[in-house]
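Visitor: can you look at this prediction? I've put the sequence above it.
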Amino acid sequence: MSEVIVKLRENGPIVIKGPITLIDYQGNEFDLTNDKGNVALCRCGQSANRPFCDGSHKTNGFCALETALRP
């Protein structure tokens, strides 16, 4: 089984690498086939292709700097 890695990009999307299934609120599965082997999900809310990132965060002033707590 392949590992799934979820990364929060600084001032950008949530990037998921690895085999996942993404399902909408009605139970429909999104087509996740792409050449990169990962999925970028919008966090800024301005993407024209939601739930996927289209790069809108680069021009709309979105700021997200969450970090994990260190032990």
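Guide: That came through fine.

Visitor: which stretches of the protein form helices?
Guide: Using DSSP state H, no helices are found in the chain.

Visitor: any idea which residue sits dead centre in it?
Guide: Leu41 (2.2 Å; Cα atoms, centre = their mean).

Visitor: who's it bridged to?
Guide: Under DSSP bridges, the beta-bridge partners of Leu41 are Ile14, Phe52.

Visitor: shouldn't it be in contact with His57?
Guide: No: with contacts counted by Cβ atoms under 8 Å, Leu41 stays clear of His57, the gap being 11.4 Å. Where you see a C-beta, it was placed from the backbone N, CA and C, and this is true even at glycine.

Visitor: what residues are shared contacts of the two?
Guide: The contact sets of Leu41 and His57 overlap at Pro13 (Cβ atoms under 8 Å, 6 or more residues apart in numbering).

Visitor: point out where the protein drops to low pLDDT.
Guide: By pLDDT under 70, the low-scoring segments of the chain are 1.

Visitor: what ranges do the strands span in this structure?
Guide: 5-8, 14-17, 38-41 (DSSP state E).

Visitor: for Glu66, find the nearest of those strands.
Guide: With distances scored as Cβ to Cβ, the stretch of the strands of the chain nearest to Glu66 is strand 5-8 (5.7 Å).

Visitor: list the buried ones in the closest one?
Guide: The neighbour-count criterion (16 or more other Cβ atoms under 10 Å) identifies no buried residues in strand 5-8.

Visitor: would a markdown table of the strands of the chain with distance to Asn49 be doable?
Guide: Putting the strands of the chain into a markdown table (distance: least, Cβ to Cβ, whole Å) gives the following:
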| stretch | distance to Asn49 |
| --- | --- |
| strand 5-8 | 19 |
| strand 14-17 | 14 |
| strand 38-41 | 10 |
